[in-house]
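# Okay, predicted coordinates and the sequence, questions at the end:
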Amino acid sequence: MASIRPSTNADLRQLALTGWRAFADDPVVRWFFPDDDDYHAVGQEMFGWVLRRGHALSTLWCTDDGVAFARWTPPGRPEADPDAIGPEDDRPDPGWRTQRYLAYGQSSEANTPPEPHWYLNMLATHPDWQRRGFGAALMGTVFALADDEGVGCYLETETEENVAYYRRHGFEVRTEWDLRTDNDVDRSHGPHQWGMWRAPR
């Protein structure tokens, strides 16, 4: 198996491709990008921006070959330096997508555990390299840190298959909710979500 290490600037392009491929059918990502052409046009740029935030916090781990990564946020959920992230995509965004981003953020904040924790924002393996243990190895790197610190780990997921996967790695469901918007710009019932907690060992 490839070794696990912190990301470098040189990794980010490959990791964005990995995320784009890994999340092509993810219910939440496709709630934001339901049109295939739209996803294929801007998806890699979106993942690049998300990953630069983790890299700026030094909490993005990956395999040497970039086929898998885990983007974590440390306890307290600090924000990355905007100068280190770089500019967001400045292309016009349809109002409905902005409303969905806002709904996602509000739901996530409402279900965030009050205890100090490491937040697993994104775990991805390129489809051609899945089921080889990369996800477990990437999570294990931060599990060790969290256990040494005596803090938990938390994540949100949106499929029953993922719930079962994370349970095998010590997470248990703490909360559930549905993503939705209901305003004049966008009325949409999004995917169901599970908030999952791993207690320190």
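Structure received. From a predicted model like this one, the values you see are computed outputs, not experimental measurements. Residues are numbered from 1 along each chain as shown.
# Please, where are all the strands along this structure?
4-6, 60-63, 68-73, 117-125, 152-157, 172-182, 187-198 (DSSP state E).
# What is the least confident helix or strand in the protein?
Of all helical and strand segments in the chain, the minimum by mean pLDDT, DSSP states H and E falls on helix 82-85, at a mean of 64.
# returning to what we had before: switch the strands of the chain over to a markdown table; also include distance to residue 38, mean neighbour count and mean pLDDT.
All C-beta atoms are positioned from the backbone trio N, CA, C, and that covers glycine. Listed next are the strands of the chain as a markdown table, based on distance: least, Cβ to Cβ, whole Å; neighbours: other Cβ atoms under 10 Å; pLDDT from 0 to 100:
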| stretch | distance to residue 38 | mean neighbour count | mean pLDDT |
| --- | --- | --- | --- |
| strand 4-6 | 32 | 14 | 96 |
| strand 60-63 | 25 | 25 | 98 |
| strand 68-73 | 23 | 26 | 98 |
| strand 117-125 | 20 | 23 | 98 |
| strand 152-157 | 23 | 22 | 98 |
| strand 172-182 | 18 | 14 | 95 |
| strand 187-198 | 15 | 18 | 95 |
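# ranges for the helices of the chain?
Assigned by DSSP state H, the helices in the chain fall at 12-22, 27-32, 36-56, 82-85, 95-110, 134-149, 160-167.
# Can you flag the weakest of those helices by average pLDDT?
Mean pLDDT is lowest for helix 82-85 out of those, coming in at a mean of 64.
# rewinding a little: residue 15 is nearest to which of the strands of the chain?
strand 68-73 (5.0 Å; Cβ to Cβ).
# dump the residue contacts of the residue nearest the centre of the chain.
Among the residues of the chain, residue 122 comes closest to the average C-alpha position under Cα atoms, centre = their mean, at 2.3 Å. Applying Cβ atoms under 8 Å, 6 or more residues apart in numbering to residue 122 gives the contacts 19, 50, 51, 54, 69, 70, 71.
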